[in-house]
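Engineer: Structure, please.
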Amino acid sequence: EVVVFNFGDSNSDTGGVAAIMGIRIAAPEGRAFFHHPTGRLSDGRVVLDFICETLNTHHLSPYMKPLGSDYSNGVNFAIAGATATPGDTPFSLDVQIDQFIFYRDRCNDSITRDEPAPLNMLDFERALYTMDIGQNDITSILYLPYDEVLAKLPHFVAEIRKAIEILHKNGARKFWIHGTGALGCLPAKLAMPRASDGDLDEHGCIAKFNNAAKKFNTLLSEACDDLRLLLKKSSIIFVDMFAIKYDLVANHTKHGKLRCQ
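Structural biologist: Predicted structure coming up:
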């Protein structure tokens, strides 16, 4: 069976924040697909769920979920609200990486003692390591002047790069890295008060926010290019989530969706 380890925020959280905080996510969570609460910040599946289904493996269990978890195909360390920057949130990317190393070491300890473990060291080496984080870092600074926003983006990317390097040192070889989405098209951002609609692009999204997202993705893609040369015998795939998600807005009728006013 394919093994997947995921790191990220609400874009790939499959119930971690709900388990940690002891809360139920408000409706319409779970309504469209699971038909019961799952802890996802979605009415259906998140992208990670579709990745697992494509790989013919079951949905990943959150690392922090105490009941009903199955770690035979990997672990989901993603937590809604998480940032790439350390210290900004309790479960930032560096903490998620520490949790992974702790989990890996405990599996190895169990194997050494001839005790059952959900995964062996070969599973960790062959696993796919997915990452979708950075959105919260960017959205937290969008109130700043645009040049200051751009100046902070390299720091966010550096934290993601550092995480990939640490994972590689701990045996990871296959990486699937998501860029951030079309932040200027998020309803929460469009609902914010603004002086005029002059900042909106042809599809009704906030151009400045989207430009920041695209710049972040360019920097992250370049970091992945560098890491391909540095980390030998590794495969690092960068996925342009901005292009995918912006297409859902720009060509919504093609996807069978009516535009909400």
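Engineer: OK, contacts around F242?
Structural biologist: Contacts for F242 were tallied using Cβ atoms under 8 Å, 6 or more residues apart in numbering; they are G179, T180, G181, A182, N210, A213, K214, N217. Every residue, glycine included, has its C-beta placed from N, CA and C.
Engineer: helices and strands of this protein: which one bottoms out on pLDDT?
Structural biologist: helix 187-190 (a mean of 90; mean pLDDT, DSSP states H and E).
Engineer: what's the next secondary structure element after that helix?
Structural biologist: Sequence-wise, the next helix or strand downstream of helix 187-190 (DSSP states H and E) is helix 207-230.
Engineer: Please save the CA atoms from that next one in CSV.
Structural biologist: C-alpha atoms of helix 207-230 as CSV (Å, rounded to 0.1, in the frame of the first residue of the first chain):
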residue,chain,number,x,y,z
ALA,A,207,-5.4,41.7,-7.9
LYS,A,208,-2.8,42.8,-5.3
PHE,A,209,-3.5,39.7,-3.1
ASN,A,210,-3.3,37.4,-6.1
ASN,A,211,-0.1,39.0,-7.3
ALA,A,212,1.4,38.3,-3.8
ALA,A,213,0.3,34.7,-4.0
LYS,A,214,1.9,34.3,-7.5
LYS,A,215,5.2,35.8,-6.3
PHE,A,216,5.2,33.4,-3.4
ASN,A,217,4.7,30.5,-5.8
THR,A,218,7.5,31.7,-8.0
LEU,A,219,9.8,31.8,-5.1
LEU,A,220,8.7,28.3,-3.9
SER,A,221,9.0,26.8,-7.4
GLU,A,222,12.6,28.2,-7.6
ALA,A,223,13.4,26.7,-4.2
CYS,A,224,12.2,23.4,-5.4
ASP,A,225,14.4,23.7,-8.5
ASP,A,226,17.4,24.4,-6.3
LEU,A,227,16.6,21.4,-4.0
ARG,A,228,16.4,19.1,-7.0
LEU,A,229,20.1,19.8,-7.6
LEU,A,230,21.0,19.7,-3.9
